[in-house]
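Chemist: Quick one, fold the following:
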Amino acid sequence: MIIREAIPGDATALIQLFNALDRETDFMLFEPDERDISPARQKELIESFASTSSQLLMVAEQDRKLVGFIGAQGGSAIRNRHSSLIAMGVLEAFWGQSIGRQLLEAQEVWAKAHGFHRLELTVQVRNKRARRLYEKCGFIYEGTKRDALIIDGDYVDECYMSKLI
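Modeler: Alright, predicted model coming up:
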């Protein structure tokens, strides 16, 4: 397993990863086929992330296939620049192989090196597996965002979680 920063050459594979994640689980933000991004635009986004110290996009690669990702976006105002918002996903076939933990650890190393103090994320209340992973990695529950999402016609709550580093 290789955890590394995304490169422009990953654009097409990253789109395929995002689309696969959206199809196989409703724990991701987007519905299947909701993402509408070209490889050229994805390449621009990867380059944009790489050109700043406040954003990160890392991938998990196994046998030359992208199987997971983690993205981090730092605050844009002086008052929240110390905070980084995280989103991540791992293909279901690779759950239970410590890939999520490795992605979180790599992101934390990056965050410390770039002066971040607070890592934060949201996770669906019903995604118990991800919540346990975040707790094992030192994240704590901060509150519930009620009716944050609509999935299959039902309102779903999200947990706010954070970790101070």
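
Chemist: what's the lowest-mean-pLDDT helix or strand in the chain packed up against?
Modeler: Lowest on mean pLDDT, DSSP states H and E among the helices and strands of the chain sits helix 39-50, with a mean of 94. Applying 3 or more CB pairs under 8 Å, 6 or more residues apart in numbering; DSSP states H and E, we find helix 39-50 packed against helix 11-24, strand 55-62. Bear in mind the C-beta positions are built from the backbone N, C-alpha and C, glycine included.

Chemist: Hey, what's the angle from the first one to strand 55-62? Just curious.
Modeler: Read it as helix 11-24. Here helix 11-24 points in a direction 80 degrees away from that of strand 55-62 (axes from the mean of the first three to the mean of the last three CA atoms, to 10 degrees).

Chemist: Which strands or helices does helix 11-24 pack on?
Modeler: Here helix 11-24 touches helix 39-50, strand 65-74, strand 83-90, going by 3+ CB pairs under 8 Å, 6+ apart.

Chemist: Sort out which residues of it are buried, please.
Modeler: Buried residues in helix 11-24, defined by neighbour count with 16 or more other CB atoms under 10 Å: 11, 13-15, 17-22.

Chemist: doesn't Ile7 make contact with Met58?
Modeler: No - at 10.7 Å, Met58 does not count as touching Ile7 under the criterion of CB atoms under 8 Å.

Chemist: Not counting its own residues, what contacts the least confident helix or strand of the chain?
Modeler: By CB atoms under 8 Å, 6 or more residues apart in numbering, the residues outside helix 39-50 that reach it are 5-8, 10-12, 14-15, 37, 55-57, 71.
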